[in-house]
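A.B. asks: For reference, the sequence and a predicted model appear below.
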Amino acid sequence: MTERITPRDVAHVAELARLSLTDDELEAFTVQLADILDHAADLDALDLADVAPTAHPLSLVNVFRADVIGPTSDRDEVLAAAPEVEDAQFKVPPVLGESR
């Protein structure tokens, strides 16, 4: 990178973000942001003309099974085994303080 980021630049960005930084934080963030920008410049310098865009570096295959309807349990039989039933549905205790 031809021009390094300055503490003044970082202070300006911090002010825009409504952040108050100590002098130590300002210096640390200046170094960190400069390193990030240097890395971005390194990436920008790469010749990627023959590289196809990808969303993931490895080719992934859908690992889910086919969505096929199979045998199901009898509703009345399942509800008969439930501790409590209301309106042909399982009745469960309230959660997160909700009450009926």
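C.D. replies: Thanks, I have it.

A.B. asks: Show me what the top helix by length along the chain is packed up against.
C.D. replies: Using DSSP state H, we find that the single longest helix of the chain is helix 23-44. Packed against helix 23-44 by the contact rule (3 or more C-beta pairs under 8 Å, 6 or more residues apart in numbering; DSSP states H and E) you find helix 7-16. All C-beta spots, glycine's among them, are computed from the backbone N, C-alpha and C.

A.B. asks: The helix it packs on versus helix 23-44: what angle between them?
C.D. replies: 100 degrees (axes from the mean of the first three to the mean of the last three C-alpha atoms, to 10 degrees).

A.B. asks: Going by neighbour count, list what's buried in helix 7-16.
C.D. replies: The neighbour-count check on helix 7-16 (16 or more other C-beta atoms under 10 Å) flags Val10 as buried.

A.B. asks: Name the next helix or strand downstream of the longest helix of the chain, please.
C.D. replies: Counting by DSSP states H and E, the next helix or strand C-terminal to helix 23-44 is helix 75-80.

A.B. asks: ok, the very next helix or strand once past that next one: who's next to it in the sheet?
C.D. replies: Remark: after helix 75-80, the chain's next helix or strand is strand 85-86, criterion DSSP H and E. In the sheet, strand 85-86 lines up against strand 89-90 (antiparallel) (DSSP bridges).
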